[in-house]
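Participant: sequence unavailable; structure follows:
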(Lines give C-alpha, C1' and ligand atoms only; values in the text may rest on other atoms or scores of the structure.)
Protein backbone atom coordinates (compact mmCIF):
# COMPACT_ATOMS: atom_id res chain seq x y z
CA UNK A 1 0.00 0.00 0.00
CA UNK A 2 1.02 3.59 -0.60
CA UNK A 3 2.08 5.71 2.36
CA UNK A 4 0.27 9.04 2.52
CA UNK A 5 2.46 12.14 2.53
CA UNK A 6 1.96 15.40 4.37
CA UNK A 7 3.06 17.31 1.27
CA UNK A 8 0.13 15.97 -0.80
CA UNK A 9 -3.05 18.01 -0.14
CA UNK A 10 -5.42 15.03 -0.47
CA UNK A 11 -3.21 12.83 1.73
CA UNK A 12 -2.90 15.59 4.31
CA UNK A 13 -6.69 15.74 4.70
CA UNK A 14 -6.72 12.09 5.80
CA UNK A 15 -3.57 12.38 7.92
CA UNK A 16 -5.12 15.31 9.84
CA UNK A 17 -8.33 13.48 10.82
CA UNK A 18 -9.00 12.03 14.24
CA UNK A 19 -9.13 8.29 13.46
CA UNK A 20 -12.31 6.37 14.26
CA UNK A 21 -12.51 3.83 17.10
CA UNK A 22 -12.95 0.23 16.02
CA UNK A 23 -15.85 -1.83 17.31
CA UNK A 24 -15.51 -5.10 15.34
CA UNK A 25 -11.79 -5.93 15.45
CA UNK A 26 -11.87 -9.01 13.21
CA UNK A 27 -12.78 -6.98 10.12
CA UNK A 28 -9.27 -5.58 9.76
CA UNK A 29 -7.07 -8.65 9.15
CA UNK A 30 -6.17 -7.62 5.58
CA UNK A 31 -5.36 -4.04 6.63
CA UNK A 32 -3.15 -5.24 9.49
CA UNK A 33 -1.31 -7.62 7.14
CA UNK A 34 -0.75 -4.71 4.73
CA UNK A 35 0.50 -2.58 7.62
CA UNK A 36 3.06 -5.22 8.68
CA UNK A 37 4.20 -5.69 5.06
CA UNK A 38 4.55 -1.93 4.59
CA UNK A 39 6.48 -1.59 7.84
CA UNK A 40 8.86 -4.34 6.76
CA UNK A 41 9.25 -2.93 3.23
CA UNK A 42 10.03 0.57 4.50
CA UNK A 43 12.23 -0.65 7.38
CA UNK A 44 10.14 1.46 9.75
CA UNK A 45 9.61 0.93 13.48
CA UNK A 46 5.94 1.90 13.63
CA UNK A 47 2.97 2.60 11.40
CA UNK A 48 -0.57 3.89 11.91
CA UNK A 49 -3.55 3.00 9.71
CA UNK A 50 -4.15 6.64 8.67
CA UNK A 51 -0.72 6.61 7.01
CA UNK A 52 -2.15 4.05 4.58
CA UNK A 53 -5.33 6.06 4.03
CA UNK A 54 -7.54 4.25 6.55
CA UNK A 55 -8.79 6.51 9.32
CA UNK A 56 -9.07 3.81 12.00
CA UNK A 57 -7.34 3.53 15.38
CA UNK A 58 -4.80 0.80 14.57
CA UNK A 59 -1.03 0.91 15.01
CA UNK A 60 1.74 -1.63 14.53
CA UNK A 61 5.03 -1.25 16.40
CA UNK A 62 8.32 -3.03 16.58
CA UNK A 63 8.92 -2.81 20.32
CA UNK A 64 12.50 -2.70 21.46
CA UNK A 65 13.36 -4.56 24.66
CA UNK A 66 15.60 -2.93 27.22
CA UNK A 67 18.21 -5.66 26.79
CA UNK A 68 20.82 -5.14 24.09
CA UNK A 69 21.06 -7.81 21.41
CA UNK A 70 17.41 -8.74 21.92
CA UNK A 71 15.21 -8.78 18.84
CA UNK A 72 12.32 -6.33 18.58
CA UNK A 73 8.86 -7.65 19.46
CA UNK A 74 6.04 -6.88 17.04
CA UNK A 75 2.91 -5.46 18.65
CA UNK A 76 -0.47 -4.67 17.11
CA UNK A 77 -2.60 -2.17 19.01
CA UNK A 78 -6.24 -1.49 18.24
CA UNK A 79 -7.82 1.51 19.98
CA UNK A 80 -4.68 2.27 22.03
CA UNK A 81 -5.31 4.50 25.03
CA UNK A 82 -2.61 5.91 27.29
CA UNK A 83 -3.75 5.36 30.88
CA UNK A 84 -0.72 6.69 32.75
CA UNK A 85 2.53 8.39 31.87
CA UNK A 86 5.66 9.49 33.68
CA UNK A 87 9.10 10.93 33.15
CA UNK A 88 10.42 12.60 30.05
CA UNK A 89 12.79 11.72 27.24
CA UNK A 90 13.89 13.66 24.21
CA UNK A 91 13.27 11.67 21.07
CA UNK A 92 14.80 12.38 17.67
CA UNK A 93 12.08 11.33 15.24
CA UNK A 94 11.50 10.82 11.55
CA UNK A 95 8.24 9.86 9.87
CA UNK A 96 7.30 7.93 6.76
CA UNK A 97 4.58 10.53 6.04
CA UNK A 98 6.95 13.49 6.50
CA UNK A 99 10.05 12.44 4.55
CA UNK A 100 13.26 14.41 4.97
CA UNK A 101 12.14 15.84 8.34
CA UNK A 102 13.95 15.09 11.57
CA UNK A 103 12.40 16.59 14.70
CA UNK A 104 13.39 16.61 18.36
CA UNK A 105 10.30 15.87 20.49
CA UNK A 106 9.83 15.63 24.26
CA UNK A 107 7.90 12.45 25.05
CA UNK A 108 6.87 10.59 28.18
CA UNK A 109 9.59 8.13 29.20
CA UNK A 110 7.13 5.51 30.43
CA UNK A 111 3.53 4.89 29.41
CA UNK A 112 0.87 2.47 30.56
CA UNK A 113 -1.45 1.71 27.69
CA UNK A 114 -4.68 -0.22 27.13
CA UNK A 115 -5.33 -1.77 23.73
CA UNK A 116 -6.89 -4.76 22.02
CA UNK A 117 -5.87 -7.17 19.27
CA UNK A 118 -7.67 -8.61 16.23
CA UNK A 119 -9.51 -11.17 18.36
CA UNK A 120 -10.87 -8.45 20.62
CA UNK A 121 -8.69 -9.55 23.55
CA UNK A 122 -7.80 -6.60 25.75
CA UNK A 123 -4.34 -5.87 27.13
CA UNK A 124 -2.62 -3.37 29.37
CA UNK A 125 1.10 -2.92 28.86
CA UNK A 126 3.85 -0.71 30.21
CA UNK A 127 6.43 0.55 27.72
CA UNK A 128 9.52 2.67 28.26
CA UNK A 129 12.05 4.78 26.42
CA UNK A 130 12.34 4.11 22.68
CA UNK A 131 9.28 1.87 22.49
CA UNK A 132 7.21 4.40 24.47
CA UNK A 133 8.30 7.15 22.07
CA UNK A 134 7.39 5.05 19.02
CA UNK A 135 3.93 4.26 20.43
CA UNK A 136 3.31 7.95 21.26
CA UNK A 137 4.39 8.91 17.73
CA UNK A 138 1.92 6.44 16.22
CA UNK A 139 -0.89 7.55 18.55
CA UNK A 140 -0.21 11.11 17.37
CA UNK A 141 -1.09 9.87 13.86
CA UNK A 142 -4.40 8.52 15.20
CA UNK A 143 -5.10 11.99 16.60
CA UNK A 144 -4.24 13.79 13.36
CA UNK A 145 -0.89 15.11 14.57
CA UNK A 146 2.38 14.88 12.64
CA UNK A 147 5.99 15.52 13.61
CA UNK A 148 5.91 18.75 11.59
CA UNK A 149 3.42 20.08 14.16
CA UNK A 150 6.09 19.78 16.85
CA UNK A 151 8.50 21.63 14.58
CA UNK A 152 5.96 24.45 14.12
CA UNK A 153 5.23 24.55 17.87
CA UNK A 154 8.96 24.97 18.54
CA UNK A 155 9.36 27.73 15.95
CA UNK A 156 6.34 29.56 17.34
CA UNK A 157 7.66 29.34 20.91
CA UNK A 158 11.03 30.67 19.79
CA UNK A 159 9.42 33.66 18.06
CA UNK A 160 7.49 34.50 21.23
CA UNK A 161 10.48 34.14 23.56
CA UNK A 162 12.98 36.89 24.31
CA UNK A 163 16.00 34.63 24.00
CA UNK A 164 18.64 34.73 21.30
CA UNK A 165 18.17 31.06 20.48
CA UNK A 166 17.91 30.08 16.86
CA UNK A 167 16.10 27.18 15.21
CA UNK A 168 18.32 25.32 12.77
CA UNK A 169 16.54 23.21 10.20
CA UNK A 170 18.86 20.30 9.40
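Facilitator: Here it is on my side, so go on. Only a predicted model underlies this, so the values are computations on that prediction, with no experimental measurement involved.
Participant: quick one: strands adjacent to the one helix or strand residue 62 maps to?
Facilitator: Per DSSP states H and E, residue 62 falls inside strand 58-63. Take DSSP bridges as the rule and strand 58-63 pairs in its sheet with strand 46-48 (antiparallel), strand 73-86 (antiparallel).
Participant: can you put the ones you listed in TSV and add mean pLDDT and distance to residue 3?
Facilitator: Backbone N, C-alpha and C define where each C-beta goes, glycine included. Shown next, in TSV, are the strands paired with strand 58-63 (pLDDT from 0 to 100; distance: least, CB to CB, whole Å):
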stretch	mean pLDDT	distance to residue 3
strand 46-48	96	8
strand 73-86	96	18
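Participant: excluding its backbone neighbours, what's nearest the residue nearest the centre of the chain?
Facilitator: For the chain, the residue nearest the mean C-alpha position is residue 138 (1.3 Å; CA atoms, centre = their mean). The shortest distance from residue 138 to any non-neighbouring residue, by CB to CB, 6 or more residues apart in numbering, is to residue 59 (3.9 Å).
Participant: check contacts around that neighbour.
Facilitator: Counting by CB atoms under 8 Å, 6 or more residues apart in numbering, residue 59 touches 46, 47, 48, 49, 76, 77, 80, 135, 138, 139, 141, 142.
Participant: which of the helices or strands spans residue 23?
Facilitator: Counting by DSSP H and E, residue 23 is part of no helix or strand.
Participant: what about it, how many neighbours?
Facilitator: 8 (other CB atoms under 10 Å).
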